[in-house]
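Return atomic coordinates for the entry below.
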Amino acid sequence: MGRRFKRILIIADIEGSSGCWNYRASSFMTPEWARACVEMSRDVSVVVKALLDAGVEHISIKDFHRTGYNLLPEMINAKSEIIHGYRRGPAPGFGDPGKVQAAIFLGMHAASGTNGFLAHTLTSRIEQLAVNGKPMAEIELFASSLAPYGVRPILYSGCPVSCAQARTAIQYLTTYPIDKAGGIEAFDTESWRFGLAAAVVESLENDLTVPYQPEGPFRALVKMRDGETTARRIANRWKFERKGNQILINASSIQELYMDLIRICYLTPLMEKTLPFSLFIYNFWGRIGLAWVRRQIKRIERKALDS
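Numbering: from 1, shown residues only. Model prediction:
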């Protein structure tokens with residue numbers, strides 16, 4: 001019997017959740033997204049209950065899709081801590097991991113330029129991301145940002161393609177796929193959640209993984225979907241090399257690479273200088289979105305009562 005982890009961080013995304021079946025379900029303020037937020041919250045709720053029943057003492061949940069405001073706390077056990085929105089650091093996006101021992105990745109997706117369900121890395125504006133000649137998925141960036149704090153990745157759930165990518169990147173990682181090939185009509189949500197909860201509890205004994213800290217250097221080719229003009233503008237903004245619609249990044253560590261990708265995807269130099277204010281505005285927009293989801297839920301409930 002391996003060591004049992006007692007302090008867990010859940011990183012939750014929406015594309016690999018049980019409620020997201022098309023691009024609109026991942027898009028901000030669409031009816032499909034509102035329903036996906038509900039099902040994503042139910043997925044996380046089942047996992048949280050299983051962890052608490054297994055004796056986990058502390059569970060923090062980082063909502064990591066788009067604005068970071070997708071999970072409905074009222075649907076998840078209050079003994080867990082939900083981290084909405086984004087923090088500057090010390091771990092980008094997460095903030096301070098505290099005394100977390102292990103990380104569980106739920107609802108994830110495959111890397112940009114691969115054939116997984118709604119595949120992208122950080123943003124769909126990146127058509128393809130190759131690092132040292134191979135696609136790089138978000139789990140590598142997220143797990144490496146937590147590595148300096150001793151956090152071990154123990155379980156990953158997403159489409160089969162993304163699960164294969166995660167296992168290739170991180171040795172001994174437990175994976176639990178969600179296969180959407182048959183469409184929502186053929187998908188048994190309750191059975192899948194039951195299996196996910198069982199896999200999560202089993203992963204608490206996974207003491208084979210170690211904090212993910214791959215050795216550099218790293219050379220990244222970032223192909224921008226919007227073409228050469230966009231690539232030129234971003235490359236000039238951040239003083240990166242460029243070839244056509246590809247931006248070239250050289251980084252000595254994966255944490256440095258992650259920060260450069262964050263700049264390309266989300267920031268301007270002015271926004272970076274005023275990051276506390278920029279994050280406040282972005283997080284405020286996320287809170288508006290989540291309030292909109294709650295209104296949509298109430299509207300659907302009223303329609304059901306009237307029918």
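
And the helices in the stretch 1-150 of the chain?
Secondary structure of the stretch 1-150 of the chain (DSSP state H, counting those that start in this stretch): helices located at 31-53, 138-146.

what's the burial count for the closest residue to M108 other than its chain neighbours?
Excluding the flanking residues, the one nearest M108 by Cβ to Cβ, 6 or more residues apart in numbering is G158, at 3.7 Å. From N, CA and C alone the C-beta is placed, and that goes for glycine too. Neighbourhood size, G158 [other Cβ atoms under 10 Å]: 30.

so what's G158 bridging to?
M108, P177 (DSSP bridges).

Could you measure from it over to V38?
19 Å (Cβ to Cβ, to the nearest Å).

what's the answer for D188, then?
D188 sits 18 Å away from V38, going by Cβ to Cβ.

got it, and I82?
The gap separating I82 from V38 is 15 Å, by Cβ to Cβ.

what angle sits between the strand or helix carrying A304 and helix 31-53?
A304 is part of helix 275-306, with elements assigned from DSSP states H and E. Orientation check (axes from the mean of the first three to the mean of the last three Cα atoms, to 10 degrees): helix 275-306 against helix 31-53 gives 100 degrees.

coming back round to it: more crowded one of D188 and V38?
Remark: of D188 and V38, V38 carries more neighbours, 19 against 10, as counted by other Cβ under 10 Å.

what's that one in contact with, if anything?
Residues near V38 by Cβ atoms under 8 Å, 6 or more residues apart in numbering: G19, L72, M75, V293, I297.

In ChimeraX, select just the buried ones from those.
In ChimeraX, a selection of the buried entries from the contacts of V38 looks like this (16 or more other Cβ atoms under 10 Å):
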select :19,72,293,297
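
Quick check: can you list the domain ranges of the chain?
Per automatic domain parsing, the structural domains of the chain span 7-116+136-212, 218-270.

Quote the end-to-end distance of the shortest one.
Distances were taken as Cα to Cα, to the nearest Å; on that basis the terminal residues of domain 218-270 are 26 Å apart.

average pLDDT for it?
Across domain 218-270, the average pLDDT comes to 97.

Now find how far off-centre it is within its chain.
Relative to its chain's centre, domain 218-270 lies at 20 Å (Cα atoms, centre = their mean, to the nearest Å).

Give the other helices and strands that the lowest-mean-pLDDT helix or strand in the chain contacts.
The weakest-scoring helix or strand in the chain, judged by mean pLDDT, DSSP states H and E, is helix 275-306 (a mean of 93). Counting contacts by 3 or more Cβ pairs under 8 Å, 6 or more residues apart in numbering; DSSP states H and E, helix 275-306 packs against helix 31-53.

if you average pLDDT over the helix it packs on, what comes out?
Averaged over helix 31-53, pLDDT sits at 98.

Equivalent analysis for stretch 69-89, please.
On average, the pLDDT along stretch 69-89 is 96.

list the buried ones in it?
Y69, N70, L71, L72, I76, S80, I82, I83, H84, G85, Y86, R87.

surely the third one meets D63?
Same thing as L71. Yes - with contact defined as Cβ atoms under 8 Å, L71 and D63 form a contacting pair (4.7 Å).

Name the residues contacting each of the two.
Joint contacts of L71 and D63 (Cβ under 8 Å, 6+ apart) are A12, I82, H84.

Look up how far P276 lies from the second one.
Same thing as I82. I82 is 21 Å from P276, by Cβ to Cβ.

With K180 instead?
Relative to P276, and taking Cβ to Cβ, K180 is found at 38 Å.

what about these two, which has more around it?
Shown here are K180 and P276; by other Cβ under 10 Å, K180 has more neighbours (19 against 7).

what residues are up against the residue nearest to M108?
For G158, the contact set (Cβ under 8 Å, 6+ apart) comprises 13, 15-16, 105, 107-110, 116-117, 166, 177-178.

Return the closest of the buried residues of stretch 69-89 with respect to I288.
Y69 (8.4 Å; Cβ to Cβ).

just to revisit the earlier point, so which of the domains of the chain is the most packed in?
Highest mean neighbour count among the domains of the chain (mean count of other Cβ atoms under 10 Å): domain 7-116+136-212, with a mean of 20.
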